[in-house]
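>>> task: produce atomic coordinates for the following.
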Amino acid sequence: PHIPVHKKYLHHARVFLQGVFEGMFLPLMPGDTRTSLKVESPVKLGKKTAALCPTIPLQKIKEIKDATGCTVNDVLFACLAGVLRRYLLKVDGFVAPGTT
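Purely as a prediction, here's the structure:
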């Protein structure tokens, strides 16, 4: 569908102002909890590593999606969050308060 030009400009202006507003308060926010996932600079990461896991059939993901009333994306991000949580517990021995 065609979106009028003035609405596109209004959208871009809103996004810009939102970014400026959030940027003003960023220095006032508390610092992040230190974990093994954080490094001083991405340049210091060195050698890349990857992890493999058994594949999950898309049909199983869709069954979970239907049973919980969410989206495929929600299911995948929940899986990722669970993996990261287990990793942080194993490596750091804790998960930052307020996270799941």
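>>> now the residue nearest the centre of the chain: which helix or strand?
With distances taken as CA atoms, centre = their mean, the residue of the chain nearest its centroid is residue 77 (7.9 Å). Using DSSP states H and E, residue 77 sits in helix 72-91.
>>> hmm, which helix or strand of this structure has the shakiest average pLDDT?
Among the helical and strand segments of the chain, the one scoring lowest on mean pLDDT, DSSP states H and E is helix 5-25, with a mean of 82.
>>> which helices and strands sit right next to it?
Helices and strands touching helix 5-25, as assessed by 3 or more CB pairs under 8 Å, 6 or more residues apart in numbering; DSSP states H and E, are absent. The way it works is simple: take the backbone N, C-alpha and C, and place the C-beta from them, glycine included.
>>> quick one: name whatever helix or strand follows it.
Towards the C-terminus, the helix or strand next in line after helix 5-25, according to DSSP H and E, is helix 58-68.
>>> which outside residues touch that next one?
For helix 58-68, the external contacting residues (CB atoms under 8 Å, 6 or more residues apart in numbering) are 71-72, 74-76.
>>> 10 Å - rerun?
Outside of helix 58-68, the residues that reach it under the criterion CB atoms under 10 Å, 6 or more residues apart in numbering are 56-57, 70-76, 78-79.
>>> that one: which residues count as buried?
Along helix 58-68, the positions that meet the burial threshold by neighbour count (16 or more other CB atoms under 10 Å) are 64-65.
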